[in-house]
Structures are given as C-alpha cells and as structure tokens.
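Participant: coordinates only, no sequence provided:
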C-alpha cells in the first residue's frame, strides 16, 4: 500500500522547521511535545528518511528534511489557497512579513486591520528589523515579503511612497550646544545612518555615534534622554519629540523610497494579495 503525505503532518513539520525547537512548535500548534514527536516519527516513516536531528539548542533539518521543507511549503500554500477559494471565505494561510520598525509603528495597524477584514482566515506574522537585515532574511527564505527602504535617487518603478528623513531631538535640545554632535543611529549600513553621517561630513560638522539601536523604540528612548539626536522618517516621529527643521547646524537630509520585495519570483496568491493591498493602501495613509 502506498503512503501519502498528510497535510496535518506537513503543517507541523513546517512549523518545527521555522522555530527549530519542538517545545516552541508545540506551543504554537497547540499540541503536546509528545504528540508532535509522534507526528514527526510518522512523517519519517512515510518518507523513509530521517528529517530532524536533535541538538543541544533544539532541532535542525537533515538534508532530506531540507528537501521536504521546499515541497511541504508549496503543498501547504496550494492546499490553503484551494480551501479558501472553495469555501468562499477569502484567502487563508500564513504570510511572513518583514517591516522596519518606523513603518510598522505608523502603517501596520491600518494595513493589517483592513486586510484582516477581507481575509479573516489569513495570518500575518510580522518581523521588524532594519532593511539590510530584512534583505538577508529574504535571501535565507525566512520571509515571504518585506517592506524595505531605497535611496532617494533610486529609479525603481516599484516605489510606493517616499518619506523624508528628519533630525529629531527632545524638547529644548539645541544642536549648537553640542560639539561634537552626539547621534543615536541604527545599524551602520542603514539609509538613515549613512544619510546622517554623509550630510554632516558635507558641511564639516563634527559628530560622534553616542548610542546605537536597531529598533525605533530604542532610538526614541535615547533621544528622550536628552543625550543624543536621531534621524528617522518624519511620519514616525513621536508626539513628544521635536523635528529640527530650521537649525543651520543640521544639514537637510534626503528622502527615502518605500517598496516591497518578494522572497521568490512566483509568490503565493495570499502573499500577492497582501502586497497588492499594501500598494493600494499605503499611499493613502
């Protein structure tokens, strides 16, 4: 008797492959760790290959496991799209979506609320990180879709929206009182970090990187301390912070473009639907 790949087993396997630990996978799926282990034993019997290898830090995929993962993800996408289409309840499945912190804080509540009303069975997993880190995760196939930043002079026709970068300080902070200028910036390869340093170098203004944080919450906390200035997108400036736009000590900064990047050339219907939703909605926010 021939054996078949069961959807339930494949779904559990994909979750384990994502979180790389049976305990975390069991919590996400809502099964006991013992039940999940039995599922994986059954799946290994069906394919007659070892799929997982236990380590001190969790589990890793064997070579057959890596190959099965590619097939399992494709099978599950097609299965979920077929079920959603036939049930008439909209698309279902999971999207792994990457987004920089500043965009997430401002845009995501609106984007997710509207998309959820159209596709209540869909799950969007959001990973926040600076654009260079999101590009790396796309290359590692850890994301399906990411909202990323491009330089102001980028000619990419897929740019959805442009956002100006601005200098931000706490109430009463005066850049003229600091020499060198203390900065709180994101990762060195991010557009905001590069723009700040290049702008100051052009006008001969001395500066030092006093603090670093890859999260918006971290940067704004550093600015609130009154010890440093930051560079972030204008739309993400919190109400208790000040945009410094008329200080001759601080040169004008460029704008950045916002676009979407897919993990693969032929994304799932659900990923394509979410991307189209973003393209239509983002310019209006």
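Facilitator: Received the coordinates, thanks. Predicted, not measured: the structure shown is a model, and the values here were computed from it. Numbering: from 1, shown residues only.
Participant: contacts, neighbours, all on C-alpha from now
Facilitator: OK.
Participant: report how many residues lie close to residue 92.
Facilitator: 21 (other C-alpha atoms under 10 Å).
Participant: how much space between it and residue 266?
Facilitator: The gap separating residue 92 from residue 266 is 18 Å, by C-alpha to C-alpha, to the nearest Å.
Participant: what does residue 181 give?
Facilitator: Separation of residue 181 from residue 266 (C-alpha to C-alpha) stands at 47 Å.
Participant: which of those two has more neighbours?
Facilitator: Remark: of residue 181 and residue 266, residue 181 carries more neighbours, 20 against 9, as counted by other C-alpha under 10 Å.
Participant: with adjacent residues omitted, what lies nearest to that one?
Facilitator: Here the nearest residue to residue 181 in space, its sequence neighbours aside, is residue 207; by C-alpha to C-alpha, 6 or more residues apart in numbering that works out to 4.2 Å.
Participant: that neighbour contacts residue 182, correct?
Facilitator: Yes - the criterion here is C-alpha atoms under 8 Å, and residue 207 meets it with residue 182 at 5.9 Å.
Participant: report the central residue of the chain.
Facilitator: The C-alpha lying nearest the average C-alpha coordinate of the chain belongs to residue 98 (C-alpha atoms, centre = their mean; 1.7 Å).
Participant: run a quick neighbour tally on residue 102.
Facilitator: With other C-alpha under 10 Å as criterion, residue 102 counts 21.
Participant: with adjacent residues omitted, what lies nearest to it?
Facilitator: Distances taken as C-alpha to C-alpha, 6+ apart put residue 236 closest to residue 102, at 5.4 Å, once the chain neighbours are dropped.
Participant: need the contact list for that neighbour.
Facilitator: By C-alpha atoms under 8 Å, 6 or more residues apart in numbering, residue 236 lies in contact with 102, 103, 105, 106.
Participant: from residue 183, how far off is it?
Facilitator: From residue 236 across to residue 183, the span is 18 Å (C-alpha to C-alpha).
Participant: then residue 67?
Facilitator: Noted for residue 67: a distance of 46 Å to residue 183, by C-alpha to C-alpha.
Participant: end-to-end on stretch 43-59?
Facilitator: This stretch, stretch 43-59, spans 16 Å end to end (C-alpha to C-alpha).
Participant: grab the longest helix from this protein for me.
Facilitator: Ranked by number of residues, the top helix in the chain under DSSP state H is helix 63-87.
Participant: what angle do the following helix or strand past that one and helix 63-87 make?
Facilitator: Downstream of helix 63-87, the first helix or strand assigned by DSSP states H and E is strand 93-99. Interaxial angle, strand 93-99 versus helix 63-87 (axes from the mean of the first three to the mean of the last three C-alpha atoms, to 10 degrees): 110 degrees.
Participant: got a list of contacts for strand 93-99?
Facilitator: Strand 93-99 is contacted from outside by 77, 80-81, 121-131, 134, 142-148, 270-271, using C-alpha under 8 Å, 6+ apart.
Participant: these in strands, which ones?
Facilitator: Among the contacts of strand 93-99, DSSP state E puts 122, 123, 124, 125, 126, 127, 128, 145, 146, 147, 148 in strands.
Participant: tell me the pLDDT of the fifth one.
Facilitator: The one in question is residue 126. pLDDT for residue 126: 96.
Participant: name the nearest residue to it, ignoring sequence neighbours.
Facilitator: Of all residues not flanking residue 126 in the chain, residue 97 sits nearest, at 4.9 Å (C-alpha to C-alpha, 6+ apart).
Participant: buried stuff in stretch 29-42?
Facilitator: 33, 36, 39, 40, 41 (16 or more other C-alpha atoms under 10 Å).
Participant: so what touches it?
Facilitator: Outside stretch 29-42, the residues that touch it by C-alpha under 8 Å, 6+ apart are 9, 12, 13, 15, 22, 23, 26.
Participant: I'd like the next helix or strand past the helix or strand where the last one lies.
Facilitator: Read that as residue 26. Assessed by DSSP H and E, residue 26 sits inside helix 22-29. Once helix 22-29 ends, the next helix or strand along the chain (criterion: DSSP H and E) is helix 33-47.
Participant: for that next one, give the mean pLDDT please.
Facilitator: Over the span of helix 33-47, the pLDDT mean works out to 94.
Participant: so what does the helix or strand just after that helix touch, helix or strand wise?
Facilitator: Scanning forward in sequence from helix 33-47 by DSSP H and E, the next helix or strand is strand 52-55. Applying 3 or more C-alpha pairs under 8 Å, 6 or more residues apart in numbering; DSSP states H and E, one finds that strand 52-55 contacts strand 58-61.
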